[in-house]
Structures are given as C-alpha cells and as structure tokens.
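# sequence-free structure coming up:
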C-alpha cells in the first residue's frame, strides 16, 4: 500500500515527542524511491543509468550543483552499482568504496542505500544528523564509515518502529524535513 506524506497530516510522535504536520512540498516517498530506481535503471542492471534524472530528484538528499558532475563518471556509477547490489557481508566495504568517490559522502551513499531498501536503510545527511542528535544518537558527526552507518541503523530502527503509519526510512526522511 502506498502511503503519501500527506497521510501523516498532523500528529504528535510519542517516540520523539515532537509534532509533525503534512507538507505539500514533498512527493509521495514511495514514488520518489520508484523514480530513483528508474533513473538508476535497477530493473535492467544499471545499463542505462540516467545521471541527469537521478540528480534532479531532490527528495532523500539534494545533490549540490558543484557535485553533480560526479554522478556522470563511470567509476561513481560502478561504485553505486556495487553498493546497491552488495551482499550483507560486503555492505560496509561497498559503502566505504562509494564514499571514496570524489564528492560522495555518507549522505549520498545512504540515499543509494535507502533506494535499495527503504525499510532497512536511512538517509544520513545534515538534517538527519541534527534531528538524531536531539534524541541522543551518538557518533554521527563528521565522516561516517560504512560500518558505523550500519550500526546507526540498528540503533535508530527501534526508535521509529512504534510511530503509527510510518512504513520505512524514506517516509521518516520526509518527517525529518518537516
């Protein structure tokens, strides 16, 4: 079932003790994930990765204009493919490899991971870091390794599981931006 951001309307989140209200500035996160997968050409093994379309989708992490050329480089696209398709055992290394590409940090790497599986992976960018710091999540300042990213996900999974109507981390990202 597709859940749009506007379905959250206005409610008090018992986990975080803050009020969230709907915003018409955000598209349905399920549609955003579908659009990003289409831009990446996941269905066809990344054969026609549409970098232009990918960087134009601002939800789940805006890509600065100064960093957009990175997404047109073959080594970056190959690193994205490796991170997206990595096994559980190799995931931390694949994320680190992606973050080693020019102008790619955990924010963009985690966007790729959230598109891979929004129920399991969260976008960890500046706004998410600030939001999570308020609730005592530690070790999210500065550079974050693939291993630490996976540890953070385990820590915060329990924080969001009891939020009514929240299906995944892509929807959680929308709430952070509110």
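Looks like it arrived, so ask away. A quick note: this is a predicted structure, and the numbers were derived from the prediction, not measured. Numbers count the residues shown, from 1 in each chain.
# alpha carbons only for contacts and neighbour counts from here, please
Fine.
# ok, residue 166 - contacts?
By Cα atoms under 8 Å, 6 or more residues apart in numbering, residue 166 lies in contact with 160, 172.
# quick check: end-to-end length of stretch 129-137?
9 Å (Cα to Cα, to the nearest Å).
# pLDDT of it, averaged?
Stretch 129-137 carries an average pLDDT of 84.
# tell me how far it lies from the chain's centre.
Computed by Cα atoms, centre = their mean, to the nearest Å, the separation of stretch 129-137 from the middle of its chain amounts to 16 Å.
# buried sites along it?
In terms of neighbour count (16 or more other Cα atoms under 10 Å), stretch 129-137 has its buried residues at 129, 132.
# which other residues reach it?
16, 140, 141, 152, 155, 156, 176.
# so residue 121 lies in a strand, does it not?
No: counting by DSSP: H, G, I helix; E, B strand; the rest coil, residue 121 is located in no strand; its state is coil.
# that one: how many residues sit nearby?
Residue 121 has 23 neighbouring residues, counting by other Cα atoms under 10 Å.
# so in the protein, which helix runs the longest?
Using DSSP state H to define each element, the chain has its longest helix at helix 146-160.
# what sits against the residue nearest to residue 119 when sequence neighbours are not counted?
Closest residue to residue 119 apart from its sequence neighbours, by Cα to Cα, 6 or more residues apart in numbering: residue 168 at 4.4 Å. Under the criterion of Cα under 8 Å, 6+ apart, the neighbours of residue 168 are 118, 119, 120.
# ok, so what distance separates residue 168 from residue 111?
Residue 168 is 13 Å from residue 111, by Cα to Cα.
# next: residue 136.
Noted for residue 136: a distance of 22 Å to residue 111, by Cα to Cα.
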